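Enquirer: quick check, what structure comes out for this input:
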Amino acid sequence: MSHLLIVDDDVEVLDLLQKFLCQHGYEVEVATDGKALWQALERRVPDLVILDVMLPGDSGLVLCQRLLAEHKVAVIMLTAMGELSDRVVGLELGADDYLTKPFAARELLARVRAVLRRAGEAAGRAPGGAPGPVCTSLEFAGWRLDVLRRELRSPDDVMIPLSNGEFELLLVFAEHPRRVLSRQQLLDMARGDAYDAYDRSIDVQVSRLRRKLQSDHGNEPLIRTLRNAGYLFTPTVAKR
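Expert: Alright, predicted model coming up:
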């Protein structure tokens with residue numbers, strides 16, 4: 001049974017979401033602020049944290065940054081309607097997904113299932129659950145993406161931390177080298193769901209990947225932007 005932690009200062013919302021998600025087979029703990037969040041983490045690290053941006057004391061964005069620095073956990077951010085900057089910053093920090101308030105409980109349930117599925121997908125299977133290549137790693141331009149351990153190592157053999165969303169996106173690129181992929185194709189293949197059209201989230205994650213894939217040894221960017229077309233993963237990829 002997956003363990004969820006919901007952090008929101010609206011007690012009524014917490015109560016409703018806790019009951020709803022428990023009815024759908026999840027073990028759910030709640031917290032109303034950052035202090036309660038850290039206390040909950042001392043007791044047990046959850047599989048997924050649902051974190052509201054607007055909280056008393058430290059904001060959800062501040063908490064997200066520290067949370068992901070200290071724990072390997074999936075995160076869904078809850079943001080206010082129209083707060084585009086919060087969504088972008090949350091994704092920049094490494095959150096796996098976001099949901100804009102107000103939302104239907106069933107939509108949150110769908111997002112929870114999708115994020116947990118991506119985080120726990122069997123090694124060697126492609127995003128979305130389709131059978132993947134029988135390989136344990138993908139190597140390109142001196143980099144190595146370990147599919148079994150879900151780790152990225154640089155040409156200098158330094159492990160580069162990736163969020164679940166970043167790993168899935170890089171896996172899609174590495175499995176489709178030298179092929180132009182549109183934002184929608186990346187969204188569908190990396191997430192395996194028909195997400196509503198805040199497809200700029202892909203741009204944010206691509207930007208994060210570019211920074212992490214920077215190397216003193218290479219000249220050509222590994223991920224190129226093709227205007228009005230999408231993205232192209234430029235290196236040759238070897239499957240091991």
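Enquirer: next helix or strand past the lengthiest helix in the chain?
Expert: Assignment by DSSP state H gives helix 105-120 as the longest helix of the chain. Moving toward the C-terminus from helix 105-120, the next helix or strand (DSSP states H and E) is strand 137-140.
Enquirer: quick check: which helices or strands does that next one pack against?
Expert: strand 143-146, helix 164-175, strand 238-239 (3 or more CB pairs under 8 Å, 6 or more residues apart in numbering; DSSP states H and E). Where C-beta positions appear, they are placed from N, C-alpha and C, glycine not excepted.
Enquirer: mind picking out the helix or strand in the protein with the poorest mean pLDDT?
Expert: Of all the helices and strands that make up the chain, helix 84-93 has the lowest average by mean pLDDT, DSSP states H and E, namely a mean of 73.
Enquirer: residues making contact with it?
Expert: 53, 60-61, 64-65, 68, 75, 77, 79-80, 98, 100, 165, 198, 200-201, 204-205, 207-208 (CB atoms under 8 Å, 6 or more residues apart in numbering).
Enquirer: any quick ChimeraX command for the buried ones out of the residues you listed?
Expert: Applying 16 or more other CB atoms under 10 Å to those, the buried members can be selected in ChimeraX as follows:
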select :53,60,61,64,65,68,75,77,79,98,100,165,201,204,205,208
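Enquirer: picking up where we left off before, show me which positions of the longest helix of the chain end up buried.
Expert: Those would be 108, 109, 111, 112, 114, 115, 116, 118, 119, for helix 105-120 by 16+ other CB under 10 Å.
Enquirer: same question for that helix, mean pLDDT?
Expert: For helix 105-120, the mean pLDDT works out to 85.
Enquirer: counting contacts, what elements does that helix pack onto?
Expert: Applying 3+ CB pairs under 8 Å, 6+ apart, we find helix 105-120 packed against helix 11-23, strand 48-52, strand 74-79, strand 97-100, helix 164-175.
Enquirer: just the closest of the buried residues of helix 105-120 to residue 187, please.
Expert: residue 114 (11.6 Å; CB to CB).
Enquirer: so that closest one is in contact with residue 99, correct?
Expert: No - using CB atoms under 8 Å, residue 114 makes no contact with residue 99, being 11.2 Å away.
Enquirer: and stretch 51-68, C-alpha only, in PDB?
Expert: What follows is stretch 51-68, C-alpha atoms only, in PDB (Å, rounded to 0.1, in the frame of the first residue of the first chain):
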ATOM      1  CA  LEU A  51       2.300  19.800  -1.300                       C
ATOM      2  CA  ASP A  52       0.400  23.100  -1.400                       C
ATOM      3  CA  VAL A  53       2.400  26.200  -2.400                       C
ATOM      4  CA  MET A  54       0.500  28.600   0.000                       C
ATOM      5  CA  LEU A  55       1.400  27.600   3.500                       C
ATOM      6  CA  PRO A  56       2.000  29.500   6.800                       C
ATOM      7  CA  GLY A  57       5.700  29.900   7.500                       C
ATOM      8  CA  ASP A  58       7.900  28.500   4.800                       C
ATOM      9  CA  SER A  59       6.100  28.300   1.400                       C
ATOM     10  CA  GLY A  60       5.500  25.000  -0.400                       C
ATOM     11  CA  LEU A  61       8.300  25.900  -2.800                       C
ATOM     12  CA  VAL A  62      10.800  26.400  -0.100                       C
ATOM     13  CA  LEU A  63       9.700  23.100   1.500                       C
ATOM     14  CA  CYS A  64       9.900  21.300  -1.900                       C
ATOM     15  CA  GLN A  65      13.500  22.400  -2.400                       C
ATOM     16  CA  ARG A  66      14.600  21.100   0.900                       C
ATOM     17  CA  LEU A  67      12.500  18.000   0.700                       C
ATOM     18  CA  LEU A  68      14.000  16.900  -2.600                       C
END
